[in-house]
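# pasting the sequence and the predicted coordinates here, then a few questions.
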Amino acid sequence: EAGVAQSPRYKIIEKRQSVAFWCNPISGHATLYWYQQILGQGPKLLIQFQNNGVVDDSQLPKDRFSAERLKGVDSTLKIQPAKLEDSAVYLCASSLFLAGVADTQYFGPGTRLTVL
Amino acid sequence: AQSVTQLDSQVPVFEEAPVELRCNYSSSVSVYLFWYVQYPNQGLQLLLKYLSGSTLVKGINGFEAEFNKSQTSFHLRKPSVHISDTAEYFCAVSLNTGFQKLVFGTGTRLLVSP
């Protein structure tokens, strides 16, 4: 079974530029998550989708971050414009949703973003 | 709101020695508890989880954890570590409701030396 795929694996940009990350979840997983992991910290949930609807985006900086999950499969996370403090690893995860409960989250390898 | 405290940022240990990684959580309602492992340049992998029932939970790679409600702890243990266990370990908590929003601790780096 293929895991969660993410691209690119690494990205270096200048501040104020834009960047986008892509995630392909495990086939059949209705729930998709984007996390931000700053160096030395644990992952922090940015946004959670259930199919193509947003369940929780309370910690997403909406003035610069946006995310979408068209057709309830792939997802993209965009930052525009980027700031130095956005340097982090962006992790995508997915899980099944069975009988009203989200199951174990499976994580992709992440995208390491460096903002100069 | 829930929170997780991992008391040790780094734990050095010799190969074949036992290890315990500590995790304490804070929540006013019932929660689920998790331990994840992160190897260098990889995503997180679930080691084990506590949802309900027996307080001693066994996971992959010989790890186990014990849920202690009175002490609000969920410490991770392994009786004999290997070099390959060197990694970052994260404790996480979520409410026991449908949408599993994980709140992670800051992580503990386990360093196993020969």
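Nice, I can see it. Residues are numbered from 1 along each chain as shown, chains lettered A, B, ... in the order given.
# is chain B contacted by stretch A:11-19?
No. On the criterion C-beta under 8 Å from any C-beta of the partner chain, stretch A:11-19 is out of touch with chain B, staying 14.5 Å away. Where you see a C-beta, it was placed from the backbone N, CA and C, and this is true even at glycine.
# in stretch B:94-110, what's buried?
For stretch B:94-110, a neighbour-count test (16 or more other C-beta atoms under 10 Å in any protein chain shown) marks B:94-95, B:99-105, B:107-110 as buried.
# using the three-state scheme, assign the residue minimising distance to the centre of chain B.
In chain B, the centroid-proximal residue (C-alpha atoms, centre = their mean) is residue B:35; its distance is 3.3 Å. Per DSSP: H, G, I helix; E, B strand; the rest coil, the secondary structure class of residue B:35 is strand.
# so what sits opposite it in the bridge?
Bridge pairing for residue B:35 (DSSP bridges) gives the partners residue B:48, residue B:91.
# returning to that earlier point: and the least confident of the buried residues of stretch B:94-110?
Among these, residue B:99 has the lowest pLDDT, at 70.
# pretty sure that residue is touching residue A:53, no?
No. Using C-beta atoms under 8 Å, residue B:99 makes no contact with residue A:53, being 11.4 Å away.
# now do the buried residues in stretch A:38-47.
A:42, A:43, A:44, A:45, A:46, A:47.
# look up phi and psi at the fourth one.
Just to be clear, that refers to residue A:45. With angles defined as degrees, to the nearest 10, residue A:45 sits at phi -70, psi 130.
# residues contacting it?
Taking C-beta atoms under 8 Å, 6 or more residues apart in numbering or on different chains, we find residue A:45 in contact with A:33, A:34, A:35, A:56, A:59, B:101, B:102, B:103.
# same check on the fifth one?
If you count contacts by C-beta under 8 Å, 6+ apart, residue A:46 has them with A:34, A:35, A:36, A:57, A:59, A:60, A:65, A:67, A:77.
# the last one now?
Residue A:47 sits next to A:33, A:34, A:54, A:56, A:57, A:59, A:60, A:67, A:77 when contact means C-beta under 8 Å, 6+ apart.
# closest to residue B:85 among those residues?
Lowest distance from residue B:85 to the contacts of residue A:47 (C-beta to C-beta) belongs to residue A:33, with 26.2 Å.
# remind me which helix or strand the closest one belongs to.
Per DSSP states H and E, residue A:33 falls inside strand A:31-37.
# also residue A:17?
Going by DSSP H and E, residue A:17 is not part of any helix or strand.
# strands of chain B, start to end?
Along chain B, the stretches classed as strands by DSSP state E are B:3-5, B:10-14, B:19-21, B:24-26, B:31-38, B:44-50, B:56-58, B:64-68, B:73-78, B:87-95, B:103-104, B:108-113.
# check chain A too.
For chain A, applying DSSP E gives strands covering A:5-7, A:10-13, A:19-24, A:31-37, A:44-50, A:53-56, A:65-68, A:75-79, A:88-95, A:97-98, A:101-102, A:106-107, A:111-115.
# list the buried residues for the fourth one?
It refers to strand A:31-37. So, applying 16+ other C-beta under 10 Å, buried residues of strand A:31-37: A:31, A:32, A:33, A:34, A:35, A:36, A:37.
# tell me who's in contact with the second one.
The contact partners of residue A:32, taken as C-beta under 8 Å, 6+ apart, are A:23, A:25, A:48, A:49, A:69, A:75, A:92, A:93, A:94.
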